[in-house]
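In: requesting a structural model of the entry that follows:
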Amino acid sequence: TPHRKQQQRIDSGAALEVIDFLNQSPVDGMALLGVAGGYPHFDVEEREKFIAFALRRARKPTAVNVSHSSLEVTAYLASH
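Out: Numbers count the residues shown, from 1 in each chain. Have a look, this model is predicted:
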């Protein structure tokens, strides 16, 4: 997940470029906030906004990692 330098905030512009690239590529789908990325460093509100933004932009099947150290937050993000 692209993030802003020196901040724990998602770089929405760079993320949009990645999503557009994947939309135009021959891949069958995409995964957001993957377990190998920096997703644990983004707060819940940041992740929630990014998920909504990215899913509106994605044109292919998309899996979203909603894991969190709290079951309550995981369920919240999954329902979002």
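In: and Val66, how many neighbours?
Out: If you count neighbours by other Cβ atoms under 10 Å, Val66 ends up with 19. C-beta here means a position set from N, CA and C on the backbone, and glycine is covered the same way.
In: cool, and His3?
Out: Using other Cβ under 10 Å, the number of residues around His3 comes to 18.
In: give the bridge partners for it, please.
Out: Beta-bridge pairing of His3, defined through DSSP bridges, involves Ile10.
In: residue contacts, it?
Out: 9-11, 38, 41-42 (Cβ atoms under 8 Å, 6 or more residues apart in numbering).
In: quick check: which ranges of this protein have low pLDDT?
Out: Across the chain, residues meeting the criterion (pLDDT under 70) sit at 1, 5-7, 37.
In: the most far-flung residue of it relative to its centre: what secondary structure?
Out: Computed with Cα atoms, centre = their mean, the residue of the chain farthest from its C-alpha average is Pro26, at 20.1 Å. Here Pro26 is coil, with the state taken from DSSP: H, G, I helix; E, B strand; the rest coil.
In: now Ala31
Out: Criterion first, three-state DSSP; result for Ala31: strand.
In: what distance do you get for it to Val73?
Out: As defined by Cβ to Cβ, to the nearest Å, Ala31 lies at a distance of 19 Å from Val73.
In: what of Leu22?
Out: If you measure Leu22 against Val73 using Cβ to Cβ, the figure is 27 Å.
In: so between these two, which is more surrounded?
Out: For Leu22 versus Val73, the count of surrounding residues by other Cβ under 10 Å is larger for Leu22: 18 against 15.
In: could you pull up the contacting residues of the closest residue to that one other than its chain neighbours?
Out: What sits nearest to Leu22 in space, not counting adjacent residues and going by Cβ to Cβ, 6 or more residues apart in numbering, is Met30, at 4.7 Å. Neighbouring residues of Met30 by Cβ under 8 Å, 6+ apart: 19, 22, 58, 60-63.
In: spatially nearest residue to Arg59 (excluding sequence neighbours)?
Out: Closest residue to Arg59 in three dimensions, ignoring its sequence neighbours and counting by Cβ to Cβ, 6+ apart: Asn23, at 4.5 Å.
In: and the one helix or strand the one you found maps to, what other elements does it pack with?
Out: In the assignment (DSSP states H and E), Asn23 maps to helix 12-24. Contacting helix 12-24 under the criterion 3 or more Cβ pairs under 8 Å, 6 or more residues apart in numbering; DSSP states H and E are the following elements: helix 44-57.
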